[in-house]
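1. curious how this folds, go ahead:
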Amino acid sequence: MEFDPRWLLFVLPVVFVLGWLASKLDSRQWKLEQRESPKAYFKGLNLLLNEQQDKAIDAFIEAVQNDPDTSELHFALGSLFRRRGETERAVRVHEHLLRRGDLSKADRARAQHELAQDFFKAGLFDRAENAYAVLRGTAFEREARLALLSLYERSRDWAKAADIAAELESAGTGSFSNRIAHYLCEQALVAQSQGHADLALDLLAQAQRRAPEAARAYVLQGQMLLKAGQPEGALLAFSKLLAANPPAFNLVAADCAAAAKALGQPDRGIDLLSAQYQREPSLALLRALASLQPEPQRARLAAHLRDQPALSAAADLLKLNAAALPPEEATPIIQALDKAAKPLQRYRCAACGFEAAHYFWQCPGCLNWDSYPPQPIEELS
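-> Model (predicted):
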């Protein structure tokens, strides 16, 4: 049977119409998907702004299902999981992104950074360290180094923390001299606990050279030497502290007095303590002076109270005058004053307000360094 060309007059229009209908259906489906995906995305965003994180996550999951190739939706979903503490789900989202072959170089680095943050939030420091290391040479290198610095501080790996701080300083991020000095001091404390006194003192000398104005290295050096039976060296360290960072001398006032006593030279201690008291009066200095020269302490406390009324000073003065009162009157008054003064004798972080009975070089609350003034609360103006 021969082919009749006239059939083309009927077939071609039919094929054209079918193709046109198919394209219309595909176009409608595509438009429908595009409408549904942004709608779900903006719904999730609105819920997030209204602090409804559970519903926001559901909306973003719906958006991802409608448009699984959109990386931004994955990033939003992963960040939400991490903020809620669902780090395992956040890790899965970001690992899925990294497995995609069509991901741009910038988005790949971003996903790697997000994954490193997931591990850090989960406390998986080894995996976080490896994930941050991959970010060298990317746009997230600075953030990765800062995160590694925090990671090494938390894990108390002071040598690595010092290396990263030096890298950040070399890269122009800012000065890390004081922080590196703290890391050297921490290493010195470890060396001392292991019985390596010479190494500890050498590390403290490095810290002093790194940050000559920082107080901690002089404080630790003096205290270590005093404990080792070298009061002359201790007194020299405290004298250097007084020259480099006078306010911090309050922290070693009692140690300074003890070193002068051990030397049999109380006048040296009295001179140092009196000179600092004239510049910045404090009860710690007065108490240290009393241990070396007890006789005029009553007059010192009375003069101090006139200039700086403080419950602790009032309690100290009352104890000196207690003999003049009947015990049944003096004792409850002294106890009441001590109880009222105790909360004011604490130290307070200037960054977060965390209070502690002992002085901290790094705040346990906000982890900032040198955020505690060296005076107790009642002496802060």
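2. contacts and neighbour counts: CA atoms only from here.
-> OK.
3. distance of Val219 from Arg142?
-> Separation of Val219 from Arg142 (C-alpha to C-alpha, to the nearest Å) stands at 33 Å.
4. neighbour-wise, which of the two wins?
-> Higher neighbour count among Val219 and Arg142: Val219, with 21 against 17, using other C-alpha atoms under 10 Å.
5. what sits against the more buried one?
-> If you count contacts by C-alpha atoms under 8 Å, 6 or more residues apart in numbering, Val219 has them with 237-238, 241, 251-252.
6. for Ala111, same thing?
-> Here Ala111 is in contact with 75, 94-95, 97-98 (C-alpha under 8 Å, 6+ apart).
7. now Leu226
-> Residues in contact with Leu226 (C-alpha under 8 Å, 6+ apart) are 233-234, 255, 259.
8. buried among those residues? Make that a PyMOL selection.
-> Entered in PyMOL, the line below selects the buried ones among the contacts of Leu226, by 16 or more other C-alpha atoms under 10 Å:
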select buried, resi 233+234+255+259
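9. export the contacts of Leu226 to JSON lines and tack on pLDDT, distance to Arg268 and secondary structure?
-> Formatted as JSON lines, those follow (pLDDT from 0 to 100; distance: C-alpha to C-alpha, whole Å; DSSP: H, G, I helix; E, B strand; the rest coil):
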{"residue": "Gly233", "pLDDT": "97", "distance to Arg268": "13", "secondary structure": "helix"}
{"residue": "Ala234", "pLDDT": "97", "distance to Arg268": "12", "secondary structure": "helix"}
{"residue": "Asp255", "pLDDT": "97", "distance to Arg268": "13", "secondary structure": "helix"}
{"residue": "Ala259", "pLDDT": "97", "distance to Arg268": "10", "secondary structure": "helix"}
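10. mind checking which of the contacts of Ala111 are in helices?
-> 75, 94-95, 97-98 (DSSP state H).
11. any of these buried? List them.
-> Neighbour counting by 16+ other C-alpha under 10 Å classes 75, 94, 97-98 among those as buried.
12. Ala128 contacts Phe119, correct?
-> Yes. Ala128 is within contact range of Phe119, at 4.9 Å (criterion: C-alpha atoms under 8 Å).
13. just the pLDDT for Arg346.
-> On pLDDT, Arg346 comes in at 94.
14. any figure for the gap between it and Glu86?
-> Per C-alpha to C-alpha, Arg346 is found 38 Å from Glu86.
15. also Leu124?
-> Taking C-alpha to C-alpha, one finds Leu124 at 14 Å from Glu86.
16. can you list residues touching both of those two?
-> With contacts taken as C-alpha under 8 Å, 6+ apart, Leu124 and Glu86 have no neighbour in common.
17. more neighbours, these two?
-> A direct count of neighbours by other C-alpha under 10 Å for Leu124 and Glu86 places Glu86 higher, at 16 against 13.
18. which ones are touching the closest residue to Ala197 other than its chain neighbours?
-> Take Ala197 and drop its neighbours on the chain: the residue closest to it by C-alpha to C-alpha, 6 or more residues apart in numbering is Ala191, 6.8 Å away. Contact analysis of Ala191 by C-alpha under 8 Å, 6+ apart lists 197, 199-200.
19. ok, now which ones touch Leu97?
-> 71, 74, 103, 108, 111.
20. counting neighbours, which of these comes out on top?
-> Comparing the contacts of Leu97 by number of neighbours (other C-alpha under 10 Å), Ala111 comes first, having 24 neighbours.
21. any idea how far that one lies from Ala336?
-> Relative to Ala336, Ala111 is positioned 60 Å away (C-alpha to C-alpha).
22. next one: Ser71
-> 65 Å.
23. then Ala166?
-> 51 Å.
24. so which bits of the helix or strand where Gly222 lies are buried?
-> Using DSSP states H and E, Gly222 falls within helix 216-227. Residues of helix 216-227 classed as buried by neighbour count (16+ other C-alpha under 10 Å): 216-226.
25. how far off centre is it?
-> In terms of C-alpha atoms, centre = their mean, to the nearest Å, the centre of helix 216-227 is set 25 Å apart from its chain centre.
26. how about that helix as PDB, C-alpha atoms only?
-> Output of helix 216-227 as PDB, limited to C-alpha atoms (Å, rounded to 0.1, in the frame of the first residue of the first chain):
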ATOM      1  CA  ARG A 216      48.900  37.900  85.200                       C
ATOM      2  CA  ALA A 217      52.400  36.800  84.400                       C
ATOM      3  CA  TYR A 218      53.900  39.100  87.200                       C
ATOM      4  CA  VAL A 219      51.200  37.800  89.700                       C
ATOM      5  CA  LEU A 220      52.000  34.200  89.000                       C
ATOM      6  CA  GLN A 221      55.700  34.700  88.900                       C
ATOM      7  CA  GLY A 222      55.700  36.400  92.300                       C
ATOM      8  CA  GLN A 223      53.400  33.800  93.800                       C
ATOM      9  CA  MET A 224      55.500  30.900  92.400                       C
ATOM     10  CA  LEU A 225      58.700  32.300  93.700                       C
ATOM     11  CA  LEU A 226      57.200  33.000  97.100                       C
ATOM     12  CA  LYS A 227      56.000  29.400  97.300                       C
END
